[in-house]
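Visitor: Below are the sequence and a predicted model for it; my questions follow.
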Amino acid sequence: MTSKKPERILIIKLRHHGDVLLTTPVADRIKHDYPDCTVDMLVYQETADILRDNRQINRIFTIDRQWKKQGLRRQLAHERALLADLKAQRYDWVFNLSDQWRAAAVAKLCGRHSGGLRYGKRDNALWRFCHSVLGEDLGHEHHIVEHNLAVLRPLRLADGYRPRVRMEIAPDSRSSLQGKLREQGWRGEPYVLMHPGSRWVFKCWENDKAAELLQRLLDNGRHLVLTASPDAGEQAMLADIAGHLKAPEGVQIWLLSGCLSLRELAAAIDGAELFIGVDSVPMHMAAALDKPQVALFGPSWLNRWRPYSERAEVVWAGDFGDLPHPDSIDTNDQTRLLGAIPVDAVWRAVQKQLAG
């Protein structure tokens, strides 16, 4: 659409932590071709930490979803101040990777040009009016990263570069993580990290199978770090798993349940020999950190949401039994849908990764 070198670009992603992390290849692709271009992002306030140390992102603008609880007048004041700040940046391009009308309005009002994605529920004239160019939906056979990168087509970037999912870790996050491990007796030993939980229970493996896998690692002399988010359900899951483990003499288990910030968790993953987890934010963090990992997958769209990494071994429940269609899932269902995955299959993947 234009051959003019962009100087300022805004990327919008108003979703969850993992969704925001998986937009970082868009910034990486821009900075590869235009290293002097200023790239900002607009995200929900609670997801900003996943971008915080990324040196490719100049400034992180945020929307606090608590604004609406402060009353209409206060909310509108916050919204007006944010819009004025964004308009003052004079963006050459605003790339909207969200499906909200609020994001479309920002794209229209805050950039000389605006790019977005086609969504079935937004197939109308107003959505097209808000965006100079709309990228095509590539379908579920393509990874979400490729789907996101489609918005950059009007920049006419050269082929040949595979952008990365990026997450960087500041020294203070590494230091605070190591301090918490040392409080439990860690002295720099290598470890395998498992994060068995997810904000959606249907994505989780059974506790007894996770415990059996971890016991095999312990019996083979591997130290373990086990993590859980601050969510009470995840912490209960981890406590149940850990309660079934017996560490041989000289082998250690360090439990970090609900006590880590997002960036401390990243530091813990980055320090591991191997990450083991399910389809959740930590899995994508491990991919961004280029760590060897074993990821257990259930009924999500596999090709779309698998780790964007060449160092990931994926064990899919669909290879061992029937799964419900991804579009039929009730995300509030407490049924765990990875039950068909046998421990032996995961153990083989773990051994392969640890063998290098």
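Guide: Good, I have the coordinates.
Visitor: Identify the residues contacting residue 100.
Guide: By Cβ atoms under 8 Å, 6 or more residues apart in numbering, the contact set of residue 100 is residue 14. C-beta: built from backbone N, CA, C; applies to glycine.
Visitor: would you say residue 276 is within a strand?
Guide: Yes. Under DSSP: H, G, I helix; E, B strand; the rest coil, residue 276 sits within a strand.
Visitor: so it bridges to which residues?
Guide: Counting by DSSP bridges, residue 276 forms beta bridges with residue 194, residue 294.
Visitor: Determine the longest helix present in this protein.
Guide: helix 72-88 (DSSP state H).
Visitor: and it, what other elements does it pack with?
Guide: Judged by 3 or more Cβ pairs under 8 Å, 6 or more residues apart in numbering; DSSP states H and E, the packing partners of helix 72-88 are strand 59-63, helix 101-110.
Visitor: between the ones you listed, which one is nearest to residue 282?
Guide: Nearest to residue 282, of all the helices and strands packed on helix 72-88, is strand 59-63, at 20.9 Å by Cβ to Cβ.
Visitor: follow-up on the earlier one: helices or strands up against the helix or strand that the longest helix of the chain is followed by?
Guide: Sequence order places strand 91-96 as the next helix or strand after helix 72-88, per DSSP states H and E. Contact here means 3+ Cβ pairs under 8 Å, 6+ apart; on that basis strand 91-96 packs against strand 8-12, helix 101-110, strand 111-117.
Visitor: rerun that using 10 Å as the cut-off
Guide: In terms of contacts (3 or more Cβ pairs under 10 Å, 6 or more residues apart in numbering; DSSP states H and E), strand 91-96 is packed against strand 8-12, helix 24-33, strand 38-44, helix 101-110, strand 111-117, helix 125-130, strand 133-135.
Visitor: can these go into JSON lines with extra columns for mean pLDDT and mean neighbour count?
Guide: Converted to JSON lines, the helices and strands packed on strand 91-96 look like this (pLDDT from 0 to 100; neighbours: other Cβ atoms under 10 Å):
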{"stretch": "strand 8-12", "mean pLDDT": "98", "mean neighbour count": "24"}
{"stretch": "helix 24-33", "mean pLDDT": "97", "mean neighbour count": "21"}
{"stretch": "strand 38-44", "mean pLDDT": "98", "mean neighbour count": "22"}
{"stretch": "helix 101-110", "mean pLDDT": "96", "mean neighbour count": "19"}
{"stretch": "strand 111-117", "mean pLDDT": "95", "mean neighbour count": "22"}
{"stretch": "helix 125-130", "mean pLDDT": "94", "mean neighbour count": "14"}
{"stretch": "strand 133-135", "mean pLDDT": "90", "mean neighbour count": "19"}
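Visitor: quick one: which of these is nearest residue 272?
Guide: The minimum distance between residue 272 and the helices and strands packed on strand 91-96 falls on helix 24-33, with 20.9 Å, by Cβ to Cβ.
Visitor: Can you check what angle separates that closest one from strand 8-12?
Guide: Using axes from the mean of the first three to the mean of the last three Cα atoms, to 10 degrees, the inter-axis angle of helix 24-33 relative to strand 8-12 is 170 degrees.
Visitor: Against which helices or strands is helix 24-33 packed?
Guide: Counting contacts by 3+ Cβ pairs under 10 Å, 6+ apart, helix 24-33 is packed against strand 8-12, strand 38-44, strand 91-96, helix 144-149, helix 281-288.
Visitor: Okay, now the sheet partners of the first one, with direction.
Guide: Note on strand 8-12: by DSSP bridges, its sheet partners are strand 38-44 (parallel), strand 91-96 (parallel).
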